[in-house]
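Trainee: sequence unavailable; structure follows:
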């Protein structure tokens, strides 16, 4: 059985912009610390001033009130690279999911415009509830399509409908 929560999981963590920020502290032109991340910055301020800051904003205000300049530097290139890796992981998981649907339902989502349209509708309708929801909606769509095609193959169905037109 397919485990929709894990089999098509994006294995690359979503990058948080704050993970790519470094804090430099200066007093009267002297560097007070090596570059630190958000957690280390707050910890340094709490220890230095014997306070209980919970955010970088509070820590920055505490520093500025004491004459310490806080320089915040974001490594945009590293962040962009991490986002690209995440996007690639997400695309890989999505393609694996589509390949599973193609195999199970014996269709070709990417090359059959009708099936692609049905998949797009089920994706739009269900992806916010997870891949299992998309799977269930797609399965319902495929069952409906199979029923329609089976009825169209029945000659009496075609004759009855032709007579009514």
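Mentor: Thanks, I have the structure now. The structure displayed is predicted, hence computed values, not measured ones.
Trainee: give the bridge partners for the closest residue to residue 63 other than its chain neighbours, please.
Mentor: Spatial nearest neighbour of residue 63, chain neighbours left out: residue 70 (5.1 Å); criterion: CB to CB, 6 or more residues apart in numbering. Heads up, the C-betas are built off the backbone N, CA and C, glycines and all. Residue 70 has these beta-bridge partners by DSSP bridges: residue 25.
Trainee: wait, what's in contact with residue 70?
Mentor: Neighbour list for residue 70: 23, 24, 25, 41, 59, 60, 63, 64 [criterion: CB atoms under 8 Å, 6 or more residues apart in numbering].
Trainee: switch these over to a markdown table; also include distance to residue 101, neighbour count and secondary structure.
Mentor: Putting the contacts of residue 70 into a markdown table (distance: CB to CB, whole Å; neighbours: other CB atoms under 10 Å; DSSP: H, G, I helix; E, B strand; the rest coil) gives the following:
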| residue | distance to residue 101 | neighbour count | secondary structure |
| --- | --- | --- | --- |
| 23 | 47 | 22 | strand |
| 24 | 50 | 16 | strand |
| 25 | 53 | 22 | strand |
| 41 | 46 | 24 | helix |
| 59 | 49 | 24 | helix |
| 60 | 49 | 20 | helix |
| 63 | 54 | 23 | helix |
| 64 | 55 | 11 | helix |
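Trainee: touching, residue 53 and residue 45? I think so.
Mentor: Yes: judged on CB atoms under 8 Å, residue 53 makes contact with residue 45 at a distance of 5.4 Å.
Trainee: tell me which of these two has more neighbours.
Mentor: Per other CB atoms under 10 Å, whichever of residue 53 and residue 45 has more neighbours is residue 45, with 25 against 19.
Trainee: so that one: helix, strand or coil?
Mentor: Look at residue 45: counting by DSSP: H, G, I helix; E, B strand; the rest coil, its state is helix.
Trainee: got the domain ranges for this protein?
Mentor: The chain resolves into domains spanning 21-74, 78-164 when parsed by automatic domain parsing.
Trainee: correct me if wrong: residue 86 contacts residue 11.
Mentor: No: the criterion here is CB under 8 Å, and residue 86 misses it with residue 11 at 9.9 Å.
Trainee: which one's more surrounded, those two?
Mentor: Ranked by neighbour count (other CB under 10 Å), residue 86 and residue 11 place residue 86 first, with 16 against 10.
Trainee: could you pull up the contacting residues of that one?
Mentor: Neighbouring residues of residue 86 by CB under 8 Å, 6+ apart: 10, 12, 13, 14, 15.
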